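1. Need a 3D model of the sequence below.
(chains A and B, ligands or ions: 1)
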Amino acid sequence: MNPELKALYRDTLLKHSREPKNKSVLKDVDAYFELKNPLCGDLITLYLKVSQKMVSKATFEAQCCSICMASASMLTEQITQSDIEEGVDFADSLIESLLQPGISIATLENEDIQSLAGVKSFPSRIRCATLPWEAFKGAVSRLR
Amino acid sequence: MTDRPTPPPIPEALKKARDDFPILKREVNGKPLIYLDNAASTQKPQSVIDAITQYYAYENSNIHRGVHLLSTEATAAYENARTKLAAYLNANDESEIVFTRGATESINLVAHSFLAPLVSAGDEILISHMEHHANIVPWQLLCERTGAVLKVAPIFDNGDLDTDAYLSLMGPRTKLAAIVHVSNAIGTVNPIERIIEAAKDRGIHTLIDSAQSIQHMKLDVQALDCDFLVFSAHKMFMPTGIGGLYGKRAKLDSMRPYQGGGDMIAHVSFDGTTYKEPPYRFEAGTPHIAGGIGISAGIDYIESIGRDLIHDYETQLIDYAANRLKSTAGVRLIGEPSHRSGAISFVMDSAHAHDIGTILDTEGIAVRSGHHCCEPLMKRFGISATARASIALYNNHEDIDALVESLGRVHQLFG
Ligand SMILES: Cc1ncc(COP(=O)(O)O)c(C=O)c1O
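-> Residues are numbered from 1 along each chain as shown, chains lettered A, B, ... in the order given. Model (predicted):
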């Protein structure tokens, strides 16, 4: 297989996309946000439960590709039981490191999430990875 | 595999066709390009590219204006494209061909200049569930402005139009029946003859979206007897940025201008302005002259091979593709219409359309993945996207075999 393709579809990423964590609809949420990539039709809805500025539970529903699915799965694990503002900062850094060629994703301390780095060689797929994080930021902005 | 279908033989006239398209010699990601995204846009033969270069290098000038030689020549060349298109579609008169930016603009033109003055609140516009957004949104905008109602005829699970339902939705208040001839997303060929016939009986105007049929088969607008037919040149081996509207002369005569400006007027004064006759009434401003010249060369190219031959060969090739894909592990076709042309959509249980597209791209194979500007159709099938392979005259069974092999590797990776 083409080495860039191998780097894109790492085992960690494929595992998250095949068996995504926290993929369900959440009832009685504090905020939810639906986001679509108009280019391809990928659709994700992110659900958040919050207590005392901490994310107590995060789930998602999606009709999307493996990269978006894996990214969403990783996102829910990253932000659960963490401070909302820290979550937003993390989202900002991740989005920036995927969009900016010069910035490495390796500084983000989450090994699973580092497996998203492969999209950087596939410009048309970067949005697939950032979409869940944008949805998370959208949900947080509704909490405010 | 034992049940592998027999590949269609390539007719003599098409054996060298690949050499006519310089882009097909390039590599993508280190692999020879296999271009199966023709429904999005076809490639251009050298003769079309040369005609455009020749125009800009030696003949460039504005048209319908100066008396100098260059302008006279450019005008003649541009108008020659209109004459050729009229012959290509067997229009009654060349004034029935209006140049536009493409299928999308042609539909908007009809909505604005023809239908808008005819509809009032409660009148109906009829389309089908498999339309391209270009044949949905202009009507929705018109409905918003006028209170008219958009009626949508259903399709069957196999991707065929429910033609009886379409016909039964033609009511006393239906002002226009618009329908795609060939679906860009799933390849269904619709029975436009029957639809036009029924519409005429009921005094309903008709518009055919031929964006995906005009390059694949012969169309005779007089035999069809539709009121309007729209198309884009870039899907027929010609330049982007130009296309056309066929309209019956009597309809065009009754229509008000689309845009105002130079070229479309007979006489301008501050007391009032009069407009030119069709088609010029609808062609404000300097047009895409090089595009027109590209159309001329493109029609010559298609006719040098012959549309019946192209249609025959492509029908066999798309059937071959459908059969091969159907028996490929993990692949499910979306739409198995009774009559297919040009395109096949499919999904895989293991891999999303996007992932398929990326992997194929690394192997040099260009397909489209997404909703194909047909979101309502995707929703009808309960999906958000498909991968689509679409062919043109230069494709052959080796392209299809390469696609099938690559899908095998996708299945291995994700399956
Ligand atoms: C069936 C159909 N109708 C209309 C269009 C719009 O064509 P254009 O974007 O060239 O105006 C397309 C293009 O994809 C199409 O496939």
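
2. for chain A, what spans make up the helices?
-> A:3-8, A:11-18, A:66-79, A:84-99, A:111-114, A:126-143 (DSSP state H).

3. list the buried ones in stretch B:346-357?
-> B:346-348, B:350-357 (16 or more other Cβ atoms under 10 Å in any protein chain shown). C-beta here means a position set from N, CA and C on the backbone, and glycine is covered the same way.

4. So which residues on chain A come close to chain B?
-> A:1-2, A:4-5, A:8-9, A:14, A:39-43, A:63-67, A:69, A:122, A:124-125, A:128 (Cβ under 8 Å from any Cβ of the partner chain).

5. circling back to that earlier point, looking at the helices of chain A, which is buried most?
-> helix A:66-79 (a mean of 26; mean count of other Cβ atoms under 10 Å in any protein chain shown).

6. to the chain's geometric centre, what's the distance from that helix?
-> Its chain's C-alpha centre and that of helix A:66-79 lie 4 Å apart, by Cα atoms, centre = their mean, to the nearest Å.

7. elements contacting it?
-> For helix A:66-79, the packing partners by 3 or more Cβ pairs under 8 Å, 6 or more residues apart in numbering or on different chains; DSSP states H and E come out as helix A:11-18, strand A:43-51, strand A:54-63, helix A:84-99, helix A:111-114, helix A:126-143, helix B:353-362.

8. can you list those in TSV and add distance to B:I127 and mean pLDDT?
-> Output for the helices and strands packed on helix A:66-79, formatted as TSV (distance: least, Cβ to Cβ, whole Å; pLDDT from 0 to 100):
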stretch	distance to B:I127	mean pLDDT
helix A:11-18	37	94
strand A:43-51	24	96
strand A:54-63	25	96
helix A:84-99	39	95
helix A:111-114	45	91
helix A:126-143	31	96
helix B:353-362	25	95
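
9. Indicate which one of the ones you listed is closest to the ligand.
-> Nearest to the ligand, of all the helices and strands packed on helix A:66-79, is helix B:353-362, at 16.6 Å by Cβ to the nearest ligand atom.

10. Which pLDDT value belongs to the residue located most distally from the centre of chain B?
-> Centroid-distance maximum for chain B: B:D271 at 41.6 Å, with Cα atoms, centre = their mean. B:D271 is assigned 89 on the pLDDT scale.

11. List phi and psi for B:A177.
-> phi -110, psi 120 (degrees, to the nearest 10).

12. Number of residues surrounding B:I214?
-> 29 (other Cβ atoms under 10 Å in any protein chain shown).

13. Was I right to think it contacts B:A233?
-> No. Under the criterion of Cβ atoms under 8 Å, B:I214 is not in contact with B:A233, lying 9.4 Å apart.

14. got a markdown table for the helices of chain A, with distance to B:R324 too?
-> Formatted as a markdown table, these follow (distance: least, Cβ to Cβ, whole Å):
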| stretch | distance to B:R324 |
| --- | --- |
| helix A:3-8 | 23 |
| helix A:11-18 | 27 |
| helix A:66-79 | 25 |
| helix A:84-99 | 37 |
| helix A:111-114 | 38 |
| helix A:126-143 | 29 |
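
15. show me what contacts the residue nearest to the spatial centre of chain B?
-> Against the mean C-alpha coordinate of chain B, by Cα atoms, centre = their mean, the closest residue is B:A211 at 1.2 Å. If you count contacts by Cβ atoms under 8 Å, 6 or more residues apart in numbering or on different chains, B:A211 has them with B:103, B:132, B:134, B:180, B:184, B:230-232, B:235.

16. contacting residues for the residue lying closest to it once chain neighbours are set aside?
-> Sequence neighbours aside, B:A103 is the residue nearest to B:A211 in space, at 4.3 Å (criterion: Cβ to Cβ, 6 or more residues apart in numbering or on different chains). B:A103 is in contact with B:132, B:134, B:209-211, B:230-232, B:243, counting by Cβ under 8 Å, 6+ apart.

17. how close does B:A103 sit to chain A?
-> Using Cβ to the nearest Cβ, to the nearest Å, B:A103 is found at 20 Å from chain A.

18. Check B:K326 too.
-> 23 Å.

19. And for B:V48?
-> 28 Å.

20. Can you show me the strands along the stretch 301-415 of chain B?
-> Secondary structure of the stretch 301-415 of chain B (DSSP state E, counting those that start in this stretch): strands at B:331-334, B:343-348, B:365-366, B:368-370, B:386-390.

21. Need the winner for burial among the ones you listed.
-> Of the strands of the stretch 301-415 of chain B, strand B:386-390 is the most buried (mean count of other Cβ under 10 Å), at a mean of 28.

22. tell me what that one is packed against?
-> So strand B:386-390, by 3+ Cβ pairs under 8 Å, 6+ apart, packs with strand B:343-348, helix B:353-362, strand B:368-370.

23. and the helix or strand harbouring B:L126, which strands flank it?
-> For B:L126, the host element (DSSP states H and E) is strand B:124-128. If you go by DSSP bridges, strand B:124-128 pairs up with strand B:149-153 (parallel), strand B:174-180 (parallel).

24. about what we covered before: on the three-state scheme, the residue nearest to the centre of chain B is what?
-> Classification of B:A211 using DSSP: H, G, I helix; E, B strand; the rest coil returns coil.

25. next one: B:T273
-> Applying three-state DSSP: B:T273 is strand.

26. so what's it bridging to?
-> B:V268.

27. dump the residue contacts of it.
-> So B:T273 contacts B:260, B:265, B:267 (Cβ under 8 Å, 6+ apart).

28. ditto for A:K21
-> A:73-74, A:76-77.

29. Residue numbers of the stretch 151-300 of chain B in contact with the ligand?
-> Residues of the stretch 151-300 of chain B lying near the ligand by Cβ under 6 Å from any ligand atom: B:180, B:184, B:209, B:211-212, B:232.

30. can you tell which of the helices and strands packed on strand B:386-390 is closest to B:P8?
-> B:P8 sits nearest to strand B:343-348 of all the helices and strands packed on strand B:386-390, at 15.0 Å, using Cβ to Cβ.

31. can you list contacts of stretch A:108-120?
-> A:4, A:7-10, A:12-13, A:16, A:67, A:70-71, A:74, A:77-78, A:90, A:93-94, A:97-98, A:101, A:104-106, A:125-126, A:128-129.

32. Just checking the distance from it to the centre of its chain.
-> 11 Å.

33. OK, contacts around the closest residue to B:M255 other than its chain neighbours?
-> Nearest-residue entry for B:M255: B:S113, 4.4 Å, with adjacent residues in sequence omitted and distances by Cβ to Cβ, 6+ apart. Contacts for B:S113 (Cβ under 8 Å, 6+ apart) come out as B:255-258, B:282.

34. one more time with 10 Å
-> B:98, B:245, B:247, B:251-252, B:254-259, B:281-282 (Cβ atoms under 10 Å, 6 or more residues apart in numbering or on different chains).

35. Roughly how far does the closest residue to the ligand within the stretch 301-415 of chain B sit from B:D209?
-> Closest residue of the stretch 301-415 of chain B to the ligand, Cβ to the nearest ligand atom: B:C373 (5.9 Å). Distance, B:C373 to B:D209, by Cβ to Cβ, to the nearest Å: 12 Å.

36. Quick check on the two: which one has the bigger neighbour count.
-> B:D209 (30 against 18).

37. what about the helices in the stretch 251-400 of chain B?
-> B:289-305, B:307-326, B:353-362, B:375-380, B:397-414 (DSSP state H, counting those that start in this stretch).

38. Just name the most buried of those.
-> Highest mean neighbour count among the helices of the stretch 251-400 of chain B (mean count of other Cβ under 10 Å): helix B:353-362, a mean of 24.

39. And that one, what does it pack against?
-> In terms of contacts (3 or more Cβ pairs under 10 Å, 6 or more residues apart in numbering or on different chains; DSSP states H and E), helix B:353-362 is packed against helix A:3-8, helix A:66-79, helix A:126-143, strand B:343-348, strand B:365-366, strand B:368-370, strand B:386-390, helix B:397-414.

40. quick one: contacts of the shortest one?
-> Outside strand B:365-366, the residues that touch it by Cβ under 10 Å, 6+ apart are B:28-29, B:31-38, B:40, B:356-357, B:359-360, B:389, B:399, B:402-403, B:405-407.

41. Sounds good, over and out.
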